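Show me how the following folds:
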Amino acid sequence: MIRIKSENEIQKMRVAGRIVAETFEVLAELIKPGVTTKELDSIAREFILKNKATCSFYDYNGYPASICTSVNSQVVHGIPNGKVVLKDGDILSVDIGACYEGYHGDAARTFAVGVVSPEAQKLIDVTKQSFFEGLTQVMPGNRIGDVGHSIQSYVESNGFSVVRALIGHGVGAELHEAPEVPNFGSPGRGVRLVSGMTIAIEPMVNMGTYHVNTLSDGWTVVTADGKLSAHYENSVVVTGNGPEILTKC
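So this is what the prediction gives:
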């Protein structure tokens, strides 16, 4: 069942979203060669807790960390590790969730570590812009398929592929709620958007094939061909005055 949020609920999500966005600002200053993903996890956790929120991901279905850190060919759900040291030329996708007074904010960004190749930078840029292409379709009366089609069309026009096995979702009192929000699809299909609906739109874009595999840790999803992947996500509320991004300062 899709839960339409009250203004009071949306306000709590704004606070959660702001904490997520500010956590990214803190980490952005630290993401550089020589830093471990475990260090980033610890800093993010401390910042979220300091802001009177909890880490949405910690122990979610047994997940063992506070954020997700996915390097290079890792698509999503990479587990922070003290042995994973960032190197010049890496790309790092970071997924962060914070829960404030029972409501979640969920977002992801992909960062260039040091100097990356032009191809890697293009992947990061296209992935980010594909989110905003999808956002143009977020208005009452449109359908989920309109959002996914806009994302897919933009990504594929730039020579990349959209992951099919993982999709966006509703967000609110639960980290994952209805409806499902694919990053691909046909216009005019799927759930109709209405004011007060809150969704997490999160394109996951691969340099090569859209096929993925899950590693033996049960969490880390990687590209099937070993090529790079990028991720960009925001929590959004549908309004009659246009979409509001809840996870952006």
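
so where's the protein shaky on pLDDT?
Counting by pLDDT under 70, not a single residue of the chain qualifies.

Let me see the ranges of the helices in it.
For the chain, the helices defined by DSSP state H cover 7-28, 37-50, 118-135, 144-157.

For the last one, buried residues please.
By that I understand helix 144-157. Going by neighbour count (16 or more other C-beta atoms under 10 Å), the buried part of helix 144-157 is Ile144, Gly145, Asp146, Val147, Gly148, His149, Ser150, Ile151, Gln152, Ser153, Tyr154, Val155. Where C-beta positions appear, they are placed from N, C-alpha and C, glycine not excepted.

Same list (those) but as TSV, adding distance to Phe57.
Below are the buried residues of helix 144-157 laid out as TSV (distance: C-beta to C-beta, whole Å):
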residue	distance to Phe57
Ile144	24
Gly145	28
Asp146	29
Val147	24
Gly148	24
His149	29
Ser150	28
Ile151	23
Gln152	27
Ser153	31
Tyr154	28
Val155	25
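
Go through the residues you listed and name the one nearest Asp88.
Val155 (26.6 Å; C-beta to C-beta).

From what I see, Lys52 and Tyr100 are in contact.
Yes. Lys52 lies in contact with Tyr100 (C-beta atoms under 8 Å); the separation is 7.1 Å.

Give me the more crowded residue out of those two.
Tyr100 (23 against 11; other C-beta atoms under 10 Å).

Now the more buried one: closest residue in space that isn't a chain neighbour?
Residue nearest to Tyr100 in three dimensions, not counting chain neighbours: Ala16, with 4.0 Å by C-beta to C-beta, 6 or more residues apart in numbering.

what's near enough to touch the one you found?
Counting by C-beta atoms under 8 Å, 6 or more residues apart in numbering, Ala16 touches Ala53, Ala98, Cys99, Tyr100, Tyr103, His104, Gly105, Leu246.

Among those residues, name the buried ones.
Ala53, Ala98, Cys99, Tyr100, Tyr103, His104, Gly105, Leu246.

and the first one, how far is that from Arg109?
I take that to be Ala53. Ala53 sits 18 Å away from Arg109, going by C-beta to C-beta, to the nearest Å.

Likewise for the fifth one?
With distances taken as C-beta to C-beta, Tyr103 is found 21 Å from Arg109.

Equivalent analysis for Thr69, please.
Applying C-beta to C-beta, the value for Thr69 to Arg109 is 11 Å.

same question, Phe57
15 Å.
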